[in-house]
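1. Got a predicted model here, sequence first, then my questions.
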Amino acid sequence: MTEDRMPEMCESGTRAPEEAASPPTGAFASLSNPNYRLYFFGQALSLVGTWMQATAQAWLVLTLSGSASVLGLIVALQAVPVLLLGPYAGVIADRVDRRRLMIILQSVMGVLAAVLAVLTVGGWVQIWQVAGLALLLGLNNAFENPARQAFIHQIVGESLIRNAVTLNSVMVNAARAIGPGVAGVLLAAVGAGWCFAINAASFVAVVVSLIVMNTASIEHEEPIARARGQLREGLRYVAGLPTLWIPLVMMALVGTLAYEFQVSLPAAARDVFDGGPQALGFMTSAMGVGAVVGGLLVAARGTTGLRPLTIAAAGFGVTIAITAIAPSLPVAIIALFFVGWLSVSFMSTGNATLQLNSDPRMRGRVMSLWSVAFMGSTPIGGPIIGAICEATNARVGLGVGAAACFLAAALGVLVWRRRSTTPPRMRETTADNPTA
């Protein structure tokens with residue numbers, strides 16, 4: 001996730017003249033950084049396995065329990081640690097060497113996937129075991145997510161952070177396009193256990209990429225010293241800056257009810273379109289392909305800020321609503337292509353907006369709140385969407401997600417219009433004094 005290194009600063013605080021060259025441009029600009037290339041391709045291999053496991057686990061839970069509500073609870077369990085521990089995990093991310101923390105946590109994730117593979121292939125797997133392993137994986141995610149998000153900035157620096165964040169989303173969704181499709185084939189051919197085994201092996205790639213990075217070219221951010229009140233300090237910092245708390249509130253709305261595709265899509269594949277694991281694989285892959293195409297456009301031309309974030313939220317809602325009323329599986333697959341497109345646009349715009357407006361000493365804590373809003377909201381939204389899908393059908397569950405996007409967009413429009421009518425001098429004063 002990088003650029004070669006942030007240019008050195010002169011004693012006066014300005015960039016040295018020989019380092020002031022313009023940064024690379026284009027959709028793949030951040031891949032000019034050797035460390036980011038290492039991380040990018042290591043993560044790409046690992047994420048294919050992650051999406052294989054997510055698809056196989058969803059189908060395994062539905063097969064064992066026959067209940068969309070149980071699936072929603074399992075998904076929620078995986079996100080509970082992010083919700084409860086996410087803000088504190090951000091404090092840890094600001095206190096420690098983020099690369100070393102990621103090496104440890106990614107290794108543990110591989111071990112958890114291996115355990116699930118052994119249980120499943122051996123025929124011993126039960127719902128409570130899947131739930132326990134999901135909870136442990138969520139515990140790892142709670143501490144790994146803010147460290148990883150903040151570490152991207154250390155690799156690429158300010159000039160390339162938007163591009164790197166967007167390419168990161170493209171990578172995730174390219175894996176989403178490949179992983180579920182492969183999982184669908186393997187589920188039908190050899191069962192879920194082998195999907196989990198492949199995921200366990202895939203973690204080797206990302207761990208090795210982190211180990212062999214050139215640490216001298218990573219921007220050094222001095223870890224903060226341990227002190228009392230650092231969590232409250234981070235919360236006060238975010239609350240004082242509209243450029244931070246507004247995107248977080250918008251993501252909390254969308255993350256709670258719209259990003260519950262792990263619950264709504266398996267239910268739609270099975271109950272609405274009368275399909276099997278292959279149908280689920282095609283639906284999830286369509287989202288991934290759309291996210292890749294849309295993400296590359298955003299990486300090349302995208303902008304940050306409240307206005308593009310609001311537009312992306314509205315577009316995301318429209319595409320989910322079209323999916324909810326799709327009369328057939330082929331129409332739903334086409335709609336999901338655009339769901340993926342707008343999903344990555346909303347996510348990467350919000351992420352980069354936070355990164356660019358965060359003080360380096362606060363970045364871990366800010367990005368931990370982003371993880372809470374995105375992933376930590378699942379313990380609330382997962383069971384809600386699961387219950388809605390079971391009580392009515394998956395179309396209604398998707399429709400609720402669309403409504404959440406429209407509500408987030410309405411909030412963005414309201415704040416955007418209010419700020420546009422605020423005199424520039426007052427906006428500058430507020431920005432200079434966040435507590436004002």
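-> Cool, the structure landed. Numbering: from 1, shown residues only.
2. For residue 371, list the residues it contacts.
-> Contacts for residue 371 (C-beta atoms under 8 Å, 6 or more residues apart in numbering) come out as 82, 86, 89-90, 141-142, 145-146, 149. In this view, the C-beta of every residue, glycine as well, is placed from N, C-alpha and C.
3. where does it land in three-state SS?
-> Look at residue 371: counting by DSSP: H, G, I helix; E, B strand; the rest coil, its state is helix.
4. Repeat that for the one 10 residues further on.
-> Residue 381 falls in the helix class when you classify it by three-state DSSP.
5. Likewise for residue 213?
-> From three-state DSSP, the assignment for residue 213 is coil.
6. shouldn't it be in contact with residue 35?
-> Yes: the pair residue 213 and residue 35 passes the contact test of C-beta atoms under 8 Å, sitting 4.9 Å apart.
7. Compare those two (neighbour count), which wins?
-> Higher neighbour count among residue 213 and residue 35: residue 35, with 25 against 20, using other C-beta atoms under 10 Å.
8. ok, the more buried one to residue 159 distance?
-> 15 Å (C-beta to C-beta, to the nearest Å).
9. quick one: what helix or strand has residue 404 in it?
-> Assigned by DSSP states H and E, residue 404 belongs to helix 394-420.
10. and that helix, which residues are buried?
-> Buried residues in helix 394-420, counted by 16 or more other C-beta atoms under 10 Å: 394-395, 397-413, 415, 419.
11. Stretch 330-350 now?
-> Within stretch 330-350, the residues that count as buried by 16+ other C-beta under 10 Å are 332-333, 335-350.
12. What average pLDDT does that stretch get?
-> Averaged across stretch 330-350, pLDDT comes to 90.
13. again, but for stretch 197-210
-> 93.
14. for that stretch, the distance to its chain's centre please.
-> 19 Å (C-alpha atoms, centre = their mean, to the nearest Å).
15. Tell me how far the spatially most central residue of the chain lies from residue 325.
-> Nearest to the geometric centre of the chain sits residue 374, at 6.8 Å (C-alpha atoms, centre = their mean). Look at residue 374 and residue 325: by C-beta to C-beta, they are 26 Å apart.
16. Also residue 350?
-> Separation of residue 350 from residue 325 (C-beta to C-beta): 27 Å.
17. Low-confidence stretches in this protein?
-> Low-confidence segments of the chain, defined by pLDDT under 70, are located at 1-27, 173, 176-177, 299-302, 376, 419-436.
18. All the strands of it, residue numbers only.
-> For the chain, no strands are identified by DSSP state E.
19. count of neighbours near residue 126?
-> 10.
20. can you check residue 326 too?
-> 19.
21. Equivalent analysis for residue 219, please.
-> Using other C-beta under 10 Å: residue 219 sits among 18 other residues.
22. I'd assumed residue 159 was in contact with it.
-> No: the criterion here is C-beta under 8 Å, and residue 219 misses it with residue 159 at 11.5 Å.
23. Pull up the gap between residue 303 and residue 344, please.
-> Residue 303 is 14 Å from residue 344, by C-beta to C-beta.
24. oh sorry, the question was meant for residue 292
-> According to C-beta to C-beta, residue 292 and residue 344 sit 8 Å apart.
25. Equivalent analysis for residue 73, please.
-> Distance, residue 73 to residue 344, by C-beta to C-beta: 27 Å.
26. For residue 222, which phi and psi angles does the backbone take?
-> According to degrees, to the nearest 10, the main-chain angles of residue 222 amount to phi -60, psi 120.
27. ok, back up a step: the nearest residue to the residue nearest to the centre of the chain once chain neighbours are set aside - how many residues pack around it?
-> Of all residues not flanking residue 374 in the chain, residue 255 sits nearest, at 4.5 Å (C-beta to C-beta, 6 or more residues apart in numbering). Per other C-beta under 10 Å, the neighbour tally for residue 255 reads 27.
28. I'd guessed residue 255 sits against residue 381; true?
-> Yes: if you go by C-beta under 8 Å, residue 255 and residue 381 touch, sitting 7.1 Å apart.
29. ok, residue 338 touching residue 319?
-> Yes: contact criterion C-beta under 8 Å: residue 338 and residue 319 qualify, at 4.3 Å.
30. which strands and helices sit next to the longest helix seen in the chain?
-> What stands out as the longest helix in the chain, according to DSSP state H, is helix 34-65. Contacts defined by 3 or more C-beta pairs under 8 Å, 6 or more residues apart in numbering; DSSP states H and E place helix 34-65 against helix 68-95, helix 98-121, helix 127-156, helix 161-189, helix 192-211, helix 261-267, helix 277-301.
31. quick one: which of these is nearest residue 356?
-> For residue 356, the closest of those is helix 161-189, at 6.3 Å, according to C-beta to C-beta.
32. Can you tell me which helices and strands that closest one packs against?
-> Helix 161-189 is packed against helix 34-65, helix 127-156, helix 192-211, helix 277-301, helix 329-356, with contacts defined by 3+ C-beta pairs under 8 Å, 6+ apart.
33. ok and the second one relative to helix 192-211, angle-wise?
-> Right, helix 127-156. Orientation of helix 127-156 against helix 192-211 (axes from the mean of the first three to the mean of the last three C-alpha atoms, to 10 degrees) gives an angle of 30 degrees.
34. Flag every buried residue along helix 127-156.
-> Buried, per 16+ other C-beta under 10 Å, within helix 127-156: 130-131, 133-156.
35. any chance of the contacts of residue 371 in a markdown table, plus distance to residue 47?
-> A markdown table is the format used below for the contacts of residue 371 (distance: C-beta to C-beta, whole Å):
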| residue | distance to residue 47 |
| --- | --- |
| 82 | 18 |
| 86 | 21 |
| 89 | 20 |
| 90 | 22 |
| 141 | 13 |
| 142 | 18 |
| 145 | 14 |
| 146 | 18 |
| 149 | 15 |
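36. quick one: the spatially closest residue to residue 139 that is not a sequence neighbour from residue 248, how far?
-> With C-beta to C-beta, 6+ apart as the criterion, residue 139 has its nearest non-adjacent residue at 4.3 Å, and that residue is residue 81. As judged by C-beta to C-beta, residue 81 and residue 248 stand 19 Å apart.
37. cool, and residue 327?
-> From residue 327 to residue 248 the distance is 37 Å (C-beta to C-beta).
38. between these two, which one's more packed in?
-> Taking neighbours as other C-beta under 10 Å, residue 327 and residue 248 compare with residue 248 leading, 20 against 7.
39. just checking, residue 168 touches residue 152?
-> Yes: assessed by C-beta under 8 Å, residue 168 is found in contact with residue 152 at 6.6 Å.
40. ok so, going back, isn't the residue nearest to residue 139 up against residue 138?
-> Yes: if you go by C-beta under 8 Å, residue 81 and residue 138 touch, sitting 4.2 Å apart.
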